[in-house]
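> Here you go, sequence then predicted model.
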Amino acid sequence: MSRIYYAKSDTKETIKQHTDKLLENLNLLKQCYEEEILKVNNIDKDRIFYLLEIVCKYHDIGKVFTPFQNIILNKIGEKTIETQFKYEIKHEQLSPMFVPIEKLGLSPEERKLVYQAIYYHHERNNECSNELISDIIEKDIKPQIEDIKNEMQLEINENLSPFYIRYVKKRIKDGDELYNEYCLLKGLLHRLDHSSSALLQIEDNTTDNITNYAKQSILEKGYNLNELQKFTKEKSDKNIIVIGSTGMGKTEAALLWNNRDKSFFTLPLRVSINAIYDRIKDNINYKHVGLLHSTALDYLETKQEFENEEQLYEQTKNLCSKITTCTIDQIFPFVFKYKGYEKMYSTLAYSKLIIDEIQAYSPEIVAVILKGIQMISNIGGKFMIMTATLPRIYKEKLEEMGIKFEYNKFIKHVQRHKIKIEEKELDQD
């Protein structure tokens, strides 16, 4: 009987069980969005899911290192294993060496993608010496290699060595040929890992199309699609900047543009996002929508509509929802490339982003939005800006950046304001 290798102490989940959950979620991701992900610009479409499956299989195998296992064994009250090593090297620093690169036929650039996606998937201090790794291989890993193979049921690299370190020292960065593909691999690994750890599906696999619900809602109110709504529906495969007068049904127009795609609907204020969330869920009757902002859980709890508000909120936090209604700050920090930003960035690569009331943002936020739209366009995502008042900077700067979009204005020529001047003292009026 082979050894049991644990991945987590709280659930006593084994590395094999955790890995299997990632692979299940990977299949779900492919089922829902494979076509959209493969549309991403500047990647080798024949290999992206092949490499993603590899990083899922091997990302946590470094947890077989005895000091890591002892931490878990101690927490669950089981007998620890005698070892001369301390936990001075993290599991993600050891995992890449197990990948059988020769048998898998990985090219040098594919090795770099796989090694770096695994090595940096926790973004911790990743300095380690070749001497320490060699010592761990000889005295800790090799003596248990057969147990590792039996437990993991994986092909293991037969020539374990610190060779992989040369591929991770110089990180792939913006501007490199492999950058988009690396962001997808690393970001989707984060999504798969976090969702699987939380025992959540990575995506809502509904086939309900929001376009049908939005159209039905318009018809039930006794209206037909107006010119703005027809325009957005017809341009669902394009980036759009559209100006529409107040009261023209811009929310429904955005949902018609959304079609069946995963999307993020943003507004500047939490109260406005709460209203849009309610409108989509209650008025349009589309249930596959999540709410994401700093007090979203409080709002969901006050509505008392669900028994599992926390689970629904966790799903939204893990970006599982078909439509996520959120404030702008929940998305755009990825432009600052904080540790792990690829999780959001890779999701936006196959999603649509709706930015409503864009005139409400300060100049600092305008700069962030413009940079974010540029990055999203570079990796294949789509955006829609809709507003009654469009600051010129958006259209002008996006054109300067060479970003393609459809632009149109739909203005109702209705006298909305009536002004009368009276010569009176204020206290007499």
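Structure's in. What do you need? Residues are numbered from 1 along each chain as shown.
> What ranges does the stretch 301-429 of the chain have for its helices?
309-317, 342-348, 363-378, 392-400 (DSSP state H, counting those that start in this stretch).
> for the ones you listed, which one ends up most surrounded?
Among the helices of the stretch 301-429 of the chain, ranked by average contacts under mean count of other CB atoms under 10 Å, first place goes to helix 342-348 (a mean of 24). Every C-beta, even on glycine, is put in place using the N, C-alpha and C of the backbone.
> Pull out the CA atoms of it and give them to me as CSV.
As requested, the backbone C-alpha atoms of helix 342-348 are provided in CSV (Å, rounded to 0.1, in the frame of the first residue of the first chain):
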residue,chain,number,x,y,z
GLU,A,342,-3.3,37.2,-14.1
LYS,A,343,-6.4,35.6,-12.4
MET,A,344,-8.6,38.6,-13.4
TYR,A,345,-6.7,39.4,-16.6
SER,A,346,-7.0,35.8,-18.0
THR,A,347,-10.8,35.8,-17.2
LEU,A,348,-11.3,39.1,-19.0
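> helices or strands up against it?
Secondary-structure packing of helix 342-348 (3 or more CB pairs under 8 Å, 6 or more residues apart in numbering; DSSP states H and E): helix 179-197.
> how far off helix 363-378 does the helix it packs on point, in degrees?
Relative orientation of helix 179-197 and helix 363-378, computed by axes from the mean of the first three to the mean of the last three CA atoms, to 10 degrees: 100 degrees.
> Run through the neighbouring helices and strands of helix 179-197.
helix 15-38, helix 48-58, helix 108-119, helix 342-348.
> Pull out the buried residues from the third one.
Of the residues in helix 108-119, those with enough neighbours to count as buried (16 or more other CB atoms under 10 Å) are E110, R111, K112, L113, V114, Y115, Q116, A117, I118, Y119.
> Isn't I358 up against T387?
Yes - in terms of CB atoms under 8 Å, I358 counts as a neighbour of T387; the distance is 5.0 Å.
> out of those two, which sits in the busier spot?
Relative neighbour count places I358 above the other of I358 and T387, with 21 against 18, counting by other CB atoms under 10 Å.
> what's near enough to touch that one?
I369, I385, M386, T387, L390, P391, Y394 (CB atoms under 8 Å, 6 or more residues apart in numbering).
> try 6 Å
I385, T387 (CB atoms under 6 Å, 6 or more residues apart in numbering).
> Which residue comes closest to A214 once chain neighbours are left out?
Leaving out its chain neighbours, the residue that sits closest to A214 by CB to CB, 6 or more residues apart in numbering is L255, at 3.9 Å.
> I210 is in contact with the one you found, correct?
Yes - counting by CB atoms under 6 Å, I210 is a contact partner of L255 at 5.0 Å.
> and R124, how many neighbours?
11.
> Does I328 touch T266 like I think?
Yes - applying CB under 6 Å, one finds I328 in contact with T266, separated by 4.9 Å.
> Look up how far V55 lies from E110.
Counting by CB to CB, to the nearest Å, the gap from E110 to V55 is 11 Å.
> Okay, now the unreliable bits of this protein?
Scanning the chain with the threshold set as pLDDT under 70 gives 1-2, 41-42, 126, 304-307, 415-416.
> residue ranges of the strands in the protein, please?
Per DSSP state E, the chain carries strands over the ranges 240-244, 263-267, 289-292, 323-327, 352-356, 382-387, 406-410.
> so who does the closest residue to D261 other than its chain neighbours touch?
Leaving aside its sequence neighbours, D261 sits nearest to K352 (CB to CB, 6+ apart; 4.9 Å). K352 is in contact with N258, D261, S263, K382, counting by CB under 6 Å, 6+ apart.
> Skipping adjacent residues, who's closest to the third one in space?
The shortest distance from S263 to any residue that is not its chain neighbour, by CB to CB, 6+ apart, is 4.2 Å, and that residue is K352.
> how much space between the one you found and E35?
Remark: distance between K352 and E35 (CB to CB) = 14 Å.
> I156 now?
Applying CB to CB, the value for I156 to E35 is 33 Å.
> who's more crowded, those two?
Ranked by neighbour count (other CB under 10 Å), I156 and E35 place I156 first, with 18 against 9.
> ok, N226 to T232 distance?
10 Å.
> And the two? Which one has more around it.
A count of neighbours by other CB under 10 Å puts T232 above the other of N226 and T232, at 29 against 16.
> I'd say that one and A253 touch.
Yes - counting by CB under 6 Å, T232 touches A253, with 4.3 Å between them.
> if I pick A7, what's in contact with it?
By CB under 6 Å, 6+ apart, the residues touching A7 are E13, I15, H18, D60, K63.
> If you could redo that for R191, that was the one I meant.
Neighbouring residues of R191 by CB under 6 Å, 6+ apart: I202, K343.
> ok so, going back, quick check: neighbours shared by L255 and I210?
Shared contacts of L255 and I210 (CB under 6 Å, 6+ apart): none.
> what about these two, which has more around it?
The neighbour count for L255 versus I210, taken as other CB under 10 Å, is higher for L255 (31 against 25).
> Could you check how far that one is from F410?
L255 is 16 Å from F410, by CB to CB.
> For E357, grab the count of nearby residues.
E357 has 18 neighbours, counted by other CB under 10 Å.
> how far away is D44 from L73?
From D44 across to L73, the span is 42 Å (CB to CB).
> higher neighbour count, the two?
Using other CB under 10 Å, the more surrounded residue of D44 and L73 is L73, with 17 against 14.
> Run through the residues that contact the residue lying closest to that one once chain neighbours are set aside.
Of all residues not flanking L73 in the chain, T80 sits nearest, at 5.0 Å (CB to CB, 6+ apart). Taking CB under 6 Å, 6+ apart, we find T80 in contact with N70, L73, N74.
> Relative to K79, how far out is the second one?
Yep, that's L73 we're talking about. As judged by CB to CB, L73 and K79 stand 7 Å apart.
> what do you get for K21?
27 Å.
> do the same with R166
Taking CB to CB, one finds R166 at 38 Å from K79.
> Which one of these two is surrounded by more residues?
Neighbours were counted for R166 and for K79 using other CB under 10 Å; R166 has more, 12 against 8.
> ok, that one to L160 distance?
For R166 relative to L160 (CB to CB), the value is 15 Å.
> Kindly report the same for K16.
19 Å.
> roughly how far apart are the residue nearest to D261 and N259?
Applying CB to CB, the value for K352 to N259 is 8 Å.
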